[in-house]
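# Kindly generate the corresponding structure for this input.
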Amino acid sequence: MSDFAVLEVVTLFVEDVDAARVFYVDVLGTEVVFADDASAVVQFSNLMVNLLQVDHAPTLVEPATVGGATGARALFTIKVDDVDTAYEELSGRGASFLNGPVDRPWGRRTAALADPAGNVWEIAADIGEP
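You can find the predicted model right below:
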């Protein structure tokens, strides 16, 4: 039986690969492990994110269609030790936050930011019982 518990790669469809690469490298501090004219793959400690030019996406999801570029469709969470410290660090790297830092009723402190393609990322830390 296969092990489906290991998430290896998330592919994000982006309109501008170069702008997305700058965000992931300069703001989030990832490293590019592969790049070509249509994509850039960046490495998080336990996951790779493939930034794929949206016009190359249809063959990956056929017969479904690629969704539009407006509105949030997913939220990816990065666990940090201290949201306020991470918020200041990322802001200093040019990140523009959508919200936060804010204490959530489920016992986490969060702040959300979006990459140039509108994919939403959240930094989060456990703060204990609400």
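# which stretches of the chain form helices?
17-22, 58-61, 83-92 (DSSP state H).
# Name the stretch among these that sits most buried.
helix 17-22 (a mean of 18; mean count of other C-beta atoms under 10 Å). Where C-beta positions appear, they are placed from N, C-alpha and C, glycine not excepted.
# average model confidence for that helix?
Mean pLDDT, computed over helix 17-22, is 97.
# Which strands and helices lie in contact with that helix?
strand 39-43, strand 48-53 (3 or more C-beta pairs under 8 Å, 6 or more residues apart in numbering; DSSP states H and E).
# mind putting those strands in a markdown table, distance to Glu122, mean pLDDT and mean neighbour count included?
As requested, those are arranged in a markdown table below (distance: least, C-beta to C-beta, whole Å; pLDDT from 0 to 100; neighbours: other C-beta atoms under 10 Å):
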| stretch | distance to Glu122 | mean pLDDT | mean neighbour count |
| --- | --- | --- | --- |
| strand 39-43 | 17 | 97 | 19 |
| strand 48-53 | 15 | 95 | 20 |
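# Minimum distance to Asp81: which of those has it?
strand 39-43 (20.6 Å; C-beta to C-beta).
# Adjacent strands (with direction) for the closest one?
Paired with strand 39-43 in the same sheet, following DSSP bridges, are strand 31-35 (antiparallel), strand 48-53 (antiparallel).
# For Leu47, find the nearest of the helices of the chain.
Within those, the stretch nearest Leu47 is helix 17-22; the backing value is 15.8 Å (C-beta to C-beta).
# distance between that closest one and the chain's centre?
Centroid separation between helix 17-22 and its chain, computed with C-alpha atoms, centre = their mean, to the nearest Å, is 12 Å.
# what's it in contact with?
Residues outside helix 17-22 that contact it (C-beta atoms under 8 Å, 6 or more residues apart in numbering) are 12, 14, 32, 35, 38-40, 42, 51-53, 115-117.
# Now render the residues you listed as JSON lines, adding distance to Arg93.
As requested, these are exported to JSON lines (distance: C-beta to C-beta, whole Å):
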{"residue": "Leu12", "distance to Arg93": "19"}
{"residue": "Val14", "distance to Arg93": "19"}
{"residue": "Val32", "distance to Arg93": "16"}
{"residue": "Ala35", "distance to Arg93": "20"}
{"residue": "Ala38", "distance to Arg93": "26"}
{"residue": "Ser39", "distance to Arg93": "23"}
{"residue": "Ala40", "distance to Arg93": "18"}
{"residue": "Val42", "distance to Arg93": "15"}
{"residue": "Leu51", "distance to Arg93": "17"}
{"residue": "Leu52", "distance to Arg93": "23"}
{"residue": "Gln53", "distance to Arg93": "24"}
{"residue": "Asp115", "distance to Arg93": "13"}
{"residue": "Pro116", "distance to Arg93": "14"}
{"residue": "Ala117", "distance to Arg93": "18"}
